[in-house]
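*Asks:* Need a 3D model of the following:
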Amino acid sequence: MKPVKRRMKRRPPVVAILSAVVLAAVAVCAAGRELLAPHALDQDVYLGVVGAGVEGHLLGTDQLGRDILQLSLAGARSALAGPIVVAVGSMVIGVLLGTFAGYRGGIVDMLAGRYADLLLALPSVLLAIVVAGLVGRGYWVTVAVLIVLFSPSDVRLVRGAVMEQTPRPYIESARILGIRPTRIMFRHIAPNIVPIVVANLLLNVAFALVALSSLSYLGLGVPPGAPDWGRQLADGRALLGDNPLAAVVPGVLIILTATAVNLLGDWLSELLDRRVVAR
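*Replies:* Below is the predicted model of the structure:
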């Protein structure tokens, strides 16, 4: 009898587990904002700025007497919601345009290429500032602008991946069998580019988090006083002498969350890539 080979399951590395824990904690804070930070916007102007360790204020308060800990917990919602919408929206555009351009070629490829070239030639953050200033300050206006500005790199990435799959024998077989082009593109090619899409999707979440935080830091995006890590970072600049945690905490949270998204995205991409190869 032949010995039965047992398939060894690869356990997630420690870095991926820690990244998942960080993102799960941020997601819990975002979803349970009203329960975890019900007094995030409560102001105590008589208390003013106090340092860490004061009774009832573990991380101190800002210039309006708001608790830094609760404000940071409440800011997790804008830190996740906007970047996820930006990443998903830009990837949807990228998958649709990139797949048609890579498979069809011709005029479709030319138009998609010119669209990507035009937007990539523009400074994205500067353009977002100009558009948000013209249309009006607003968090979701900024999100919509970033969706458009993030999409060209996704279009190029997906287009290249589809062009790499198109000449392969399984696609030629599908064409010979008379399968519709749209079915070939989204039923046969799309599953084989999932690792690239997932990796870039999560990378875009990290980039969008930094971009939205930067725009909030500059006074765009969220309105004044809203719980947002970028806004907290801007407000905390003047408090470095009285309570440095007002600026340090949101800055660390931005870096930690963006790093966790990147590391988890790398691990998921490698895992999905192995599964696609093994099929």
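
*Asks:* What mean pLDDT does stretch 50-67 get?
*Replies:* The average of the pLDDT scores along stretch 50-67 is 82.

*Asks:* Stretch 138-150 too?
*Replies:* Mean predicted confidence for stretch 138-150 is 87.

*Asks:* from the middle of its chain, how far away would it be?
*Replies:* Here the centre of stretch 138-150 is set off from its chain's centre by 12 Å, with C-alpha atoms, centre = their mean, to the nearest Å.

*Asks:* Then stretch 26-46?
*Replies:* For stretch 26-46, the distance to the chain centre is 22 Å (C-alpha atoms, centre = their mean).

*Asks:* now stretch 225-235
*Replies:* 18 Å.

*Asks:* Then stretch 73-89?
*Replies:* Stretch 73-89 has its C-alpha centroid displaced from the chain centroid by 7 Å (C-alpha atoms, centre = their mean).

*Asks:* May I see the buried residues of it?
*Replies:* Neighbour-count burial for stretch 73-89 flags 73-80, 82-87, 89 (criterion: 16 or more other C-beta atoms under 10 Å). Just so you know, the C-beta spots here come from the backbone N, C-alpha and C atoms, and that holds for glycine as well.

*Asks:* And the furthest pair within these?
*Replies:* Farthest-apart pair in the buried residues of stretch 73-89 is 73 and 89; separation 26.3 Å (C-beta to C-beta).

*Asks:* ok so, going back, between the buried residues of stretch 73-89, which is nearest residue 43?
*Replies:* Nearest to residue 43 among the buried residues of stretch 73-89: residue 74, at 13.6 Å, using C-beta to C-beta.

*Asks:* quick one: that closest one from residue 222, how far?
*Replies:* From residue 74 over to residue 222 the distance is 11 Å, taken as C-beta to C-beta, to the nearest Å.

*Asks:* check contacts around residue 216.
*Replies:* 78, 222, 228, 229, 230, 231, 234 (C-beta atoms under 8 Å, 6 or more residues apart in numbering).

*Asks:* ugh, typo on my part, it should be residue 170
*Replies:* Listed by C-beta under 8 Å, 6+ apart, the contact set of residue 170 reads residue 188.

*Asks:* If you count neighbours, what's buried in the helix or strand where it lies?
*Replies:* Residue 170 is part of helix 169-176, with elements assigned from DSSP states H and E. Neighbour-count burial for helix 169-176, counted by 16+ other C-beta under 10 Å, picks out 171, 174.

*Asks:* Kindly report the same for stretch 124-143.
*Replies:* In stretch 124-143, counting by 16+ other C-beta under 10 Å, buried: 124, 128, 129, 131, 132, 139, 141, 142, 143.

*Asks:* Not counting it itself, show me its contacts.
*Replies:* Contacts of stretch 124-143 (C-beta under 8 Å, 6+ apart): 78, 82, 85-86, 145-146, 149-150, 211-212, 214-215, 218-223, 226.

*Asks:* Filter those down to just the buried residues.
*Replies:* Using 16+ other C-beta under 10 Å, the buried members of the contacts of stretch 124-143 are 78, 82, 85-86, 145-146, 149-150, 211-212, 214-215, 219-222, 226.

*Asks:* Show only the entries of the residues you listed found in helices.
*Replies:* 78, 82, 85, 86, 145, 146, 149, 150, 211, 212, 214, 215 (DSSP state H).
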